[in-house]
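[1] task: produce atomic coordinates for the following.
(one chain, ligands or ions: 1)
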Amino acid sequence: MTENKQFPEGFLWGGATAANQIEGAYKADGKGLTNVDLMPTGSDRITFAKGNINSLDLQDKYMYPSHEAIDFYHTYKEDIKLFAEMGFKVFRMSISWARIFPNGDDSEPNEKGLQFYDDVFDELKKYDIEPLVSIAHFDVPVELIKNYDGWKNRKLIDFFEKYSITLFERYKDKVKYWITFNEINMLLHLSFMGAGITINENEDRNSVLYNAAHHQLVASAKAVKAMKEIIPDGQIGCMLAAGMFYPYTPAPDDIFKAMDKDRESYFFIDVQARGEYPGYAKRFLKENNITLDITEDDKKVLKENTVDFISYSYYSSRTTSADPEVLKDMTAGNVFGSIKNPYTEVSEWGWTIDPKGFRITTNQLWDRYQKPLFVVENGLGAVDTVNPDGSIDDDYRIDYLNQHLHELREAIEDGCEVIGYTSWGPIDLVSASTGEMKKRYGFIYVDKDNEGNGTLKRSKKKSFDWYKNVIATNGGSI
Ligand code: BG6
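    Got it, this is the predicted structure:
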């Protein structure tokens, strides 16, 4: 077993967030509404996220956690100072599309929105923290959904291209690391939250989703092209919700099923990293009578504009089977269902905990793409208890992260080129799948509960000093 080995020199340590889960200020300074602003707390959230949303307007009966979130819009200076104290080299954040183009199709960007991100980047610069910016982390301006049907519509490619170019031109001297779409493969599962898509009764679900996916893939390639022209010393990546599927048994049918389930996600990255639709995807589309709205120009754009690096989230491995009876015993996990794996534990939210799966998944991605890898999400959502003296002993989080980082280092020793690691939610934030505050990932505690009560005061958990030490020793303390 490798012990006390450091990570590669210059390794980018940090934390990852998303605009709608931290910023709040959902209408401030001209911001428009996004799909995620329509996601309430409670059981309707996931139903809406999957595409069955009953209204594109806000409703009095709901509480919407993104509206205040943790108020990063006003607290970014204090929060970034704490990230700097931990020694962050990089901070992953996303830009809210509707802060820049409130309606999505506006002719001019919203200067106040642009200024906010300028201020955040300047603050990061003070501490030599590199921003890693996701252009879209689930957000789609609601007006683009109302007027164009979201990513169903090819016109979204042009709006996204304009939005991306606006960002590259404005921030070309401040931001060198970019990600086009967060967890692009999530579109097949959370069609409304990921792409602003609702499926009508007369529509074929797969046809709608794969056409929307195609639009995002072309938009992503166009953003890659624009970034390379505008920021020649920048780097731009794709982003996969990763976690390989294990076959439940060695039965060849189970093994094929696991490979097939992995390909459902790899399909996106195969296009973004290799520049064309893989054979298995063409077969799937043909056999399911899906005709893609794909032009010769699209093919050329995809081919010529592949990504520089592959970024990914890893929370869990997944397990599947070809046997419908076995498939009945499922557990939760980042929207991707999984059979309960008898060899692994689960979190309080039923997500499989599998550190070795992190090493396996990382190796699989490296073997498949041979492009630099960037881990941009990993972490444990857990309930934290504040002790009477205000301290928080989150040893379970330290344990989870320690085990995962150990396996990541093993993957690097295996030969995988990994350039950085940003743990998910270095500061407590709103859960994407449940809208809860009590599902906490942070090294920094935020005083706010599920009902929206609390002072929003920040305090350090035990894991704060632990992570600080990990970074200070470049992983040697793992
Ligand atoms: C990823 C998303 O899927 O998982 C994040 O990119 C999300 O936005 C994270 O927060 C953890 O999921 P959850 O549901 O626990 O917030």
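[2] could you count how many residues lie near residue 28?
    A total of 14 residues lie near residue 28 under the criterion other CB atoms under 10 Å. Where you see a C-beta, it was placed from the backbone N, CA and C, and this is true even at glycine.
[3] err, residue 323, not the other one
    Residues near residue 323, counting by other CB under 10 Å: 15.
[4] and after the helix or strand hosting residue 114, which helix or strand comes next?
    Taking DSSP states H and E as the definition, residue 114 sits inside helix 111-126. Following helix 111-126 in sequence order, the next helix or strand is strand 130-136 (DSSP H and E).
[5] elements contacting that next one?
    If contacts are counted by 3 or more CB pairs under 8 Å, 6 or more residues apart in numbering; DSSP states H and E, strand 130-136 sits against strand 12-16, strand 90-94, helix 111-126, helix 155-171, strand 177-181.
[6] tell me the strands beside the second one, with direction?
    Meaning strand 90-94. Taking DSSP bridges as the criterion, strand 90-94 forms sheet pairs with strand 12-16 (parallel), strand 130-136 (parallel).
[7] for residue 424, find the nearest of these.
    strand 12-16 (5.4 Å; CB to CB).
[8] tell me how far the helix or strand that comes right after the closest one lies from the chain's centre.
    On the C-terminal side of strand 12-16, the closest following helix or strand by DSSP H and E is helix 19-22. For helix 19-22, the separation from the chain centroid amounts to 12 Å (computed by CA atoms, centre = their mean, to the nearest Å).
[9] where does pLDDT dip in the stretch 201-350 of the chain?
    By pLDDT under 70, the low-scoring segments of the stretch 201-350 of the chain are 333-334.
[10] contacts only, for the closest residue to residue 181 other than its chain neighbours.
    The spatially closest residue to residue 181, leaving aside those adjacent along the chain, is residue 136, at 5.1 Å (CB to CB, 6 or more residues apart in numbering). Listed by CB atoms under 8 Å, 6 or more residues apart in numbering, the contact set of residue 136 reads 94, 97, 160, 180-182.
[11] list buried residues within these.
    Buried subset of the contacts of residue 136 (neighbour count, 16 or more other CB atoms under 10 Å): 94, 97, 160, 180-182.
[12] the residue nearest to residue 181 and the ligand: what is the separation?
    Relative to the ligand, residue 136 is positioned 11 Å away (CB to the nearest ligand atom, to the nearest Å).
[13] which of the contacts of residue 136 come close to the ligand?
    Among the contacts of residue 136, the residues lying close to the ligand (CB under 6 Å from any ligand atom) are residue 182.
[14] residue of the chain nearest the ligand, please.
    residue 433 (3.1 Å; CB to the nearest ligand atom).
[15] just give the number of residues close to that residue.
    As a burial measure, residue 433 scores 19 neighbours (other CB under 10 Å).
[16] so the helix or strand containing residue 48, near the ligand or not?
    If you go by DSSP H and E, residue 48 is part of helix 44-49. No - if you take CB under 6 Å from any ligand atom as the test, helix 44-49 misses the ligand, and the best it gets is 9.6 Å.
[17] averaged pLDDT, the helix or strand just after that helix. What do you get?
    Heading C-terminal from helix 44-49, the first helix or strand you meet, by DSSP H and E, is helix 72-86. Across helix 72-86, the average pLDDT comes to 98.
[18] just want the angle from helix 72-86 to strand 90-94.
    Counting by axes from the mean of the first three to the mean of the last three CA atoms, to 10 degrees, helix 72-86 lies at 160 degrees to strand 90-94.
[19] what's helix 72-86 in contact with?
    In contact with helix 72-86 (CB under 8 Å, 6+ apart) are residues 14-15, 17, 22-25, 28, 91, 116, 119-120, 123-124, 126-127, 129, 426-427, 443-444, 456, 458, 460, 464, 467-468, 471.
[20] could you give the angle of the helix holding residue 114 to strand 90-94?
    170 degrees.
[21] helices or strands up against helix 111-126?
    helix 72-86, helix 97-100, strand 130-136, helix 155-171.
[22] buried ones in it, by neighbour count?
    Quick answer for helix 111-126 (16+ other CB under 10 Å): 113-114, 116-117, 120-121, 123-124.
[23] could you pull up the contacting residues of the nearest residue to residue 273 once chain neighbours are set aside?
    Of all residues not flanking residue 273 in the chain, residue 369 sits nearest, at 4.8 Å (CB to CB, 6+ apart). The contact partners of residue 369, taken as CB under 8 Å, 6+ apart, are 269, 273-274, 310.
[24] likewise for residue 396?
    380, 382.
[25] ok, and it, which helix or strand is that part of?
    In the assignment (DSSP H and E), residue 396 maps to helix 395-413.
[26] quick check: next helix or strand after that helix?
    With elements assigned by DSSP H and E, the helix or strand that comes after helix 395-413 is strand 418-424.
[27] what's the next secondary structure element after that following strand?
    Next element after strand 418-424 (DSSP H and E): strand 444-446.
[28] hmm, who's touching that following strand?
    Counting by CB under 8 Å, 6+ apart, 70, 79, 82, 384, 386, 392, 426-429, 437, 454, 456-461, 464 sit against strand 444-446.
[29] next one: stretch 271-279
    Contacts for stretch 271-279 (CB under 8 Å, 6+ apart): 180, 184, 217, 220-221, 238, 263, 267, 270, 281, 285, 299, 302-307, 310, 369, 371.
[30] try 6 Å this time
    Stretch 271-279 is contacted by residues 217, 220, 238, 270, 302-303, 306-307, 369, 371 when judged by CB atoms under 6 Å, 6 or more residues apart in numbering.
[31] in it, what's buried?
    Buried residues in stretch 271-279 (16+ other CB under 10 Å): 271-275, 277.
[32] can you measure across that stretch, start residue to end residue?
    Start and end residues of stretch 271-279 are separated by 11 Å (CA to CA, to the nearest Å).
[33] tell me the gap between it and the middle of its chain.
    For stretch 271-279, the distance to the chain centre is 21 Å (CA atoms, centre = their mean).
[34] contact residues of the stretch 101-250 of the chain facing the ligand?
    182-183, 241.
[35] what does the stretch 301-450 of the chain put close to the ligand?
    For the stretch 301-450 of the chain, the contact set with the ligand under CB under 6 Å from any ligand atom comprises 313, 334, 377, 381, 424, 431-434, 439.
[36] centre-most residue in the protein?
    Of all residues in the chain, the one closest to the mean position by CA atoms, centre = their mean is residue 182, 4.1 Å from it.
[37] these two touch, right, that residue and residue 135?
    No - counting by CB atoms under 6 Å, residue 182 sits too far from residue 135 to count as a contact (8.9 Å).
[38] mutual contacts of the two, please.
    Joint contacts of residue 182 and residue 135 (CB under 6 Å, 6+ apart) do not exist.
[39] and the helix holding residue 396, what's its mean pLDDT?
    For helix 395-413, the per-residue pLDDT averages 98.
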